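S.K.: got a sequence here, can you build the structure:
(2 chains)
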Amino acid sequence: MTARIKTQTLQMSAGKDDQMKRSRFLQQGRKIGLAAAALTLFAAGAALAHGEEGGGVALVVQGEAAFSLSPVYHILVAHFPVALWVTAYLFILIRTFSDSEFAVRLQKAIWPVAALGTVAGFVTYGLGLTIYQWSAITESPLGRNHIMLATWTLSYWTVMSVLGYRFRRHMFDGAQRWVTFALATIGALVITITGTLGGSLGGTPSLVTKSLNWIGWNVYNTFYLPTWMLVVFFAGAALLIVIGVIGSKRRV
Amino acid sequence: MNKRTKYLAASTALFSGLLVLGWVTHGTGIVKDDPERNIVIPDELTSELQVKASFDGEKIWFRYRWPVDRPSLFNDVLVYQDGAWEKRGGEALGPDPDFLVEDRVAMMIDDGSVPLFGRYGGYITIGDGLTTFTGTPETDEERTKYLPSTRTDPNDFDTVKPESDLETLRAAGQFIDLWQWRSSRSNPIGLGDDGFVAEERGGDAGTGPYTTNWDSATSQPKYMFDPAVAGSTALSIDEVIAGDVGFNDTYYLSAETAVAFDPTYAWQNGDTIPRRYLRPTDGSRGDVVQPKKARWRNGFWDVTLERDMDTGNPLDDKIFRDGGNYDLAFSVFRNASTMRWHYVTLPVSLGLEQPAQLVAERIEPGAEPDWTQPWTEIKTFYPGQITWGQLTDARVHPGAGRIAARVPVAVRHSEEQLALYGVQMEFAEEIRAQWIWTLIASLSLIVGLGININLLMRRREEVK
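M.R.: Have a look, this model is predicted:
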């Protein structure tokens, strides 16, 4: 009898815990949603308020877009995801090499910071796509490269945010911390390249742009893969999923 | 390390390895020569041109120096083969392996009358559908560069304005003065060539430095070498192609080196006669001359052209005035290439003792330049196939709005960048399609990685 009551009490307690978790999750989701909406409204509002640039233009430009936003707001907002993702990377770096209380405290902030960065990243990406017509920006090698790297960065850090949310402190359990470290380092690299390409597109190439040339990529050449390599990439994606499915069925 | 972690590590290694492989192989498989579409990519996309200028109040001199591995002393030639004379050379897609295309330097000059020339240089002269551009049908008449203001539709070659409008534009200075030097068709007799770019690229009024050595009625050359001067009536095509004929040989036809063609001569297969006969110029076209014949030395052409500052032909030439500022743009033809396979420069400002990129130094009236001033180094680049219509179309060029705002090209683009863009425009559709596929493939790889890690990463309590 006593045992049954204990079990019921434990079940009720577990149910309450679940409810509390769900509630916390919803609250966090609401906060993130509100932050994203505010950021979007701020950016779009500011961009619209900016209005037309220049004046006294006499030359006829063919095919002008009916709607476009000044690039300055994409550039302005872009600093938010960059700062947040790089901060998340810094925290990952510290936690990877330290088990101190300070490092553990930072670790708790990793996923919210990364997720906020991802939300800000989507806003930035959207603003970026409104600057030039798609047909024009995809005709520019530098434009193509910036879109490519921005897509990689956004998708990659979306993955990292989901991982951070799902696994939290466990990302640093045992050897997994090195996997986390390696993945985050790749993430930091793509952020850096995306940013420098954005700078080049805005007319201010940096030493990072030049250093990419030293390691085999002149950023004024479109980054594209040969067809056989596309096949390898698709096969690699499938293989990663297969490895994941097979590995997940193994005993840990 | 447990099994799942090993899978995780292997997956991370696989992902990283694919990224490295992608990095190593990117940018391959599309950009390559395609003669069917008139596409030949030069080995070098950029090069250098050195320029100096001097003036004395009456005359102005420009000295040019640019690298050429092998000088090309011939342009089109007539080669005897099995009883008939065949034309060879003078045109080629990209570099001519036989070196039967001459070297050249050309300089466009404006005094500020041509809108946007000082900001975009020769780009404004490249309309749609010019000869040798991909997709342009071959026509008997060469479709040359032109100024946008000479067309009712600036992007349509065939919409030339009425003659009266063209005359009005010309009187307003809306033309570009074009000086040329040719290693085969002007240099041997110490001349340049004076032309213009307006409704077309053409020669000024008068007689140019060459004419065609061909008698259509008899299908034979009009002239051959004077054996008394040249030692024979013709050259050997094998020696010409091999580069065995040089400055110290008689390699051109002129009043001093040629005699009337003798059809009764015992011509041999491979006998070769230049298809051009060089002659003195006259009229406005003869304004640009050389103080002395240019020579190629130590891997460089070193050419000097001179002209009266005021030629008295203001409808053909831009008149230089003491203290004036002008806009220039150069093109250099090297490695036996012609047509659009040239190296061009961005616009360069010229000041006659005025601050500019290229400052012309004043010398004493009647003196010859001593050329002691330093060279002005100018980067040249292969322009590829980019038209003014594309550059000013916001659907194609993200910078079209900046052109409308008159932002100079040099503010936004380097020569190297423009060369790479020019080449990529020649494969625009293929590269765009491959880029989109790359975007999709790389995105799928990241998604694959995300699923993989979410499946493989474990929580500590799962171990217990």
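S.K.: tell me the spacing between B:F330 and chain A.
M.R.: Using Cβ to the nearest Cβ, to the nearest Å, B:F330 is found at 22 Å from chain A. For every residue, glycine as well, the C-beta is placed using N, CA and C.
S.K.: does that residue sit in a helix or strand, and which one?
M.R.: Using DSSP states H and E, B:F330 maps to strand B:325-333.
S.K.: restricting to C-alpha, output that strand in PDB.
M.R.: Output of strand B:325-333 as PDB, limited to C-alpha atoms (Å, rounded to 0.1, in the frame of the first residue of the first chain):
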ATOM      1  CA  ASN B 325      43.100  67.600 -67.800                       C
ATOM      2  CA  TYR B 326      42.000  64.600 -69.900                       C
ATOM      3  CA  ASP B 327      40.800  61.000 -69.500                       C
ATOM      4  CA  LEU B 328      42.600  58.100 -71.100                       C
ATOM      5  CA  ALA B 329      42.000  54.400 -71.400                       C
ATOM      6  CA  PHE B 330      44.500  52.000 -72.900                       C
ATOM      7  CA  SER B 331      44.400  48.600 -74.500                       C
ATOM      8  CA  VAL B 332      47.300  46.400 -75.300                       C
ATOM      9  CA  PHE B 333      47.400  43.500 -77.800                       C
END
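S.K.: who touches it?
M.R.: B:47, B:49, B:51, B:64, B:66, B:101-112, B:117-118, B:121-122, B:318, B:320, B:341-352, B:354, B:356, B:358, B:378, B:380 (Cβ atoms under 8 Å, 6 or more residues apart in numbering or on different chains).
S.K.: buried members of those into ChimeraX, please.
M.R.: Command for ChimeraX that selects the buried part of the contacts of strand B:325-333, burial taken from 16 or more other Cβ atoms under 10 Å in any protein chain shown:
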select /B:47,49,51,64,66,101,102,103,104,105,106,107,108,109,110,111,117,118,121,122,318,320,341,342,343,344,345,346,347,348,350,351,352,356,358,378,380
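S.K.: in helices only, show me the contacts of strand B:325-333.
M.R.: B:F117, B:G118 (DSSP state H).
S.K.: so which of the contacts of strand B:325-333 sit within strands?
M.R.: Using DSSP state E, B:47, B:49, B:51, B:64, B:66, B:104-110, B:343-344, B:348-352, B:358, B:378, B:380 are the members of those that sit in strands.
S.K.: hey, where'd the helices end up in the stretch 1-150 of chain A?
M.R.: Shown for the stretch 1-150 of chain A, the helices assigned by DSSP state H, counting those that start in this stretch span residues A:2-50, A:71-97, A:101-129, A:134-137, A:141-167.
S.K.: once you drop chain neighbours, what's closest to residue 172?
M.R.: I went with chain A, as the question did not name one. A:R95 (5.4 Å; Cβ to Cβ, 6 or more residues apart in numbering or on different chains).
S.K.: right idea, wrong chain: chain B
M.R.: Nearest to B:A172 is B:S113, by Cβ to Cβ, 6+ apart, at 6.6 Å.
S.K.: surely the one you found meets B:Q174?
M.R.: Yes: B:S113 lies in contact with B:Q174 (Cβ atoms under 8 Å); the separation is 5.9 Å.
S.K.: so between the two, which is more surrounded?
M.R.: For B:S113 versus B:Q174, the count of surrounding residues by other Cβ atoms under 10 Å in any protein chain shown is larger for B:Q174: 20 against 14.
S.K.: for the nearest residue to B:A400 once chain neighbours are set aside, phi and psi?
M.R.: Distances taken as Cβ to Cβ, 6+ apart put B:A394 closest to B:A400, at 4.2 Å, once the chain neighbours are dropped. For B:A394, the backbone dihedrals (degrees, to the nearest 10) come out as phi -70, psi -10.
S.K.: distance of B:A394 from A:S140?
M.R.: Distance, B:A394 to A:S140, by Cβ to Cβ, to the nearest Å: 12 Å.
S.K.: same question, B:Q417
M.R.: 11 Å.
S.K.: repeat that for B:T132.
M.R.: Relative to A:S140, and taking Cβ to Cβ, B:T132 is found at 24 Å.
S.K.: for B:R297, the count of nearby residues, please.
M.R.: Considering only other Cβ under 10 Å, B:R297 is surrounded by 11 other residues.
S.K.: identify the residues contacting it.
M.R.: Not one residue lies near B:R297 by Cβ under 8 Å, 6+ apart.
S.K.: beta partners of it?
M.R.: B:F300 (DSSP bridges).
S.K.: from B:G173, how far off is it?
M.R.: Taken as Cβ to Cβ, the span from B:R297 to B:G173 is 38 Å.
S.K.: how about B:F300?
M.R.: 35 Å.
S.K.: run a quick neighbour tally on the residue in the stretch 251-400 of chain B positioned nearest to chain A.
M.R.: In the stretch 251-400 of chain B, the residue that lies nearest chain A is B:R395 (3.7 Å; Cβ to the nearest Cβ). Counted by other Cβ under 10 Å, the residues lying close to B:R395 total 18.
S.K.: contacting residues for B:D128?
M.R.: B:N155, B:D156, B:F157, B:T387, B:G389.
S.K.: out of these, which touch chain A?
M.R.: B:N155, B:G389 (Cβ under 8 Å from any Cβ of the partner chain).
S.K.: tell me which two in the contacts of B:D128 are the farthest apart.
M.R.: B:D156 and B:T387 (11.2 Å; Cβ to Cβ).
S.K.: now do the shared contacts for the two.
M.R.: Joint contacts of B:D156 and B:T387 (Cβ under 8 Å, 6+ apart) are B:G127, B:D128.
S.K.: more crowded one of those two?
M.R.: Taking other Cβ under 10 Å, B:D156 and B:T387 do not tie; B:T387 has more neighbours (19 against 13).
S.K.: show the pLDDT at the more buried one.
M.R.: Looking at B:T387, its pLDDT is 96.
S.K.: what's near enough to touch it?
M.R.: So B:T387 contacts B:I126, B:G127, B:D128, B:L130, B:F133, B:N155 (Cβ under 8 Å, 6+ apart).
S.K.: look up how far chain A lies from B:L14.
M.R.: 7 Å.
S.K.: surely that residue is within a strand?
M.R.: No: assigned with DSSP: H, G, I helix; E, B strand; the rest coil, B:L14 falls outside any strand and is helix.
S.K.: what's the strand or helix carrying B:T211 in contact with?
M.R.: Per DSSP H and E: B:T211 is located in strand B:210-212. With Cβ under 8 Å, 6+ apart as the test, strand B:210-212 has contacts from B:R185, B:S186, B:R275, B:R276, B:Y277, B:L278, B:R279.
S.K.: which phi and psi does the fourth one have?
M.R.: Summarising the backbone geometry of B:R276 under the convention degrees, to the nearest 10, its torsions are phi -120, psi 140.
S.K.: circling back: and the angle for the strand holding B:F330 with strand B:348-352?
M.R.: Orientation of strand B:325-333 against strand B:348-352 (axes from the mean of the first three to the mean of the last three Cα atoms, to 10 degrees) gives an angle of 130 degrees.
S.K.: what's opposite the closest residue to B:E353 other than its chain neighbours in the beta bridge?
M.R.: Nearest non-adjacent residue to B:E353, counting by Cβ to Cβ, 6+ apart: B:R362, 5.2 Å away. Under DSSP bridges, the beta-bridge partners of B:R362 are B:F55.
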